[in-house]
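A.B. asks: Need coordinates for the below:
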Amino acid sequence: MSARTTRLGALLITLLLSIPASALAAPDRHIFYNLTSDEAWRAGMALGHATRALEAGYAVTVFLNVRGVYLAQQGFATDRAGGAPDDLRGQLVGLIDAGAEVMLCGMCLRKAGLEMADMLPGTVKVDCARSLAAMSAEDTVVISY
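C.D. replies: Numbers count the residues shown, from 1 in each chain. Model prediction:
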């Protein structure tokens, strides 16, 4: 092997190792988190996983339904999950600020007696057709908590 080939190989390896992990993730892949609970352990797992996925370059949607809608209610007390630096609401706000889409089940809001004026800014009320379209889109993985 020539010195030139060795230098070229070393350069190629250096370039590959310098690519951030987020660039290696499939940016056109979408992860849809279906979160039905306001319980700290379950919600903390979902929001923590969604945060890591967003950091890795995935498009992320968090769909709050059933009791999960309470997590986005302004003034609703949320716990801190495990070693997370923020409470659940702080994690949710962080996701919104970082570009995740946070959908709220319209029927679930109605059942909980909530209106959009009660909810965190940046959340979107959706109907069944919109949530179904998002979770069944091509290159989408659905994870439920």
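
A.B. asks: rest of the way, CA atoms for contacts and neighbours
C.D. replies: OK.

A.B. asks: Now the helix or strand hosting residue 42: buried residues?
C.D. replies: Following DSSP states H and E, the helix or strand that holds residue 42 is helix 40-55. Neighbour-count burial for helix 40-55 flags 40, 42-48, 50-51, 53-55 (criterion: 16 or more other C-alpha atoms under 10 Å).

A.B. asks: can you pull the contacts of the most centrally placed residue in the chain?
C.D. replies: Using C-alpha atoms, centre = their mean, the residue of the chain that lies closest to the mean C-alpha position is residue 50, 3.3 Å off. Residues counted as contacts of residue 50 (C-alpha atoms under 8 Å, 6 or more residues apart in numbering) are 31, 33, 60, 62, 95.

A.B. asks: out of the residues you listed, which one sits closest to residue 123?
C.D. replies: residue 62 (9.7 Å; C-alpha to C-alpha).

A.B. asks: and the closest one, that one's in a helix?
C.D. replies: No - counting by DSSP: H, G, I helix; E, B strand; the rest coil, one finds residue 62 to be strand, located in no helix.

A.B. asks: Dig out what it forms beta bridges with.
C.D. replies: Beta-bridge pairing for residue 62 (DSSP bridges): residue 33, residue 102.

A.B. asks: ok, now residue 73?
C.D. replies: residue 119.

A.B. asks: could you show me where the strands are in the chain, in order?
C.D. replies: 30-35, 59-64, 101-105, 123-126, 140-144 (DSSP state E).

A.B. asks: I'm done for today, thanks for sticking with me.
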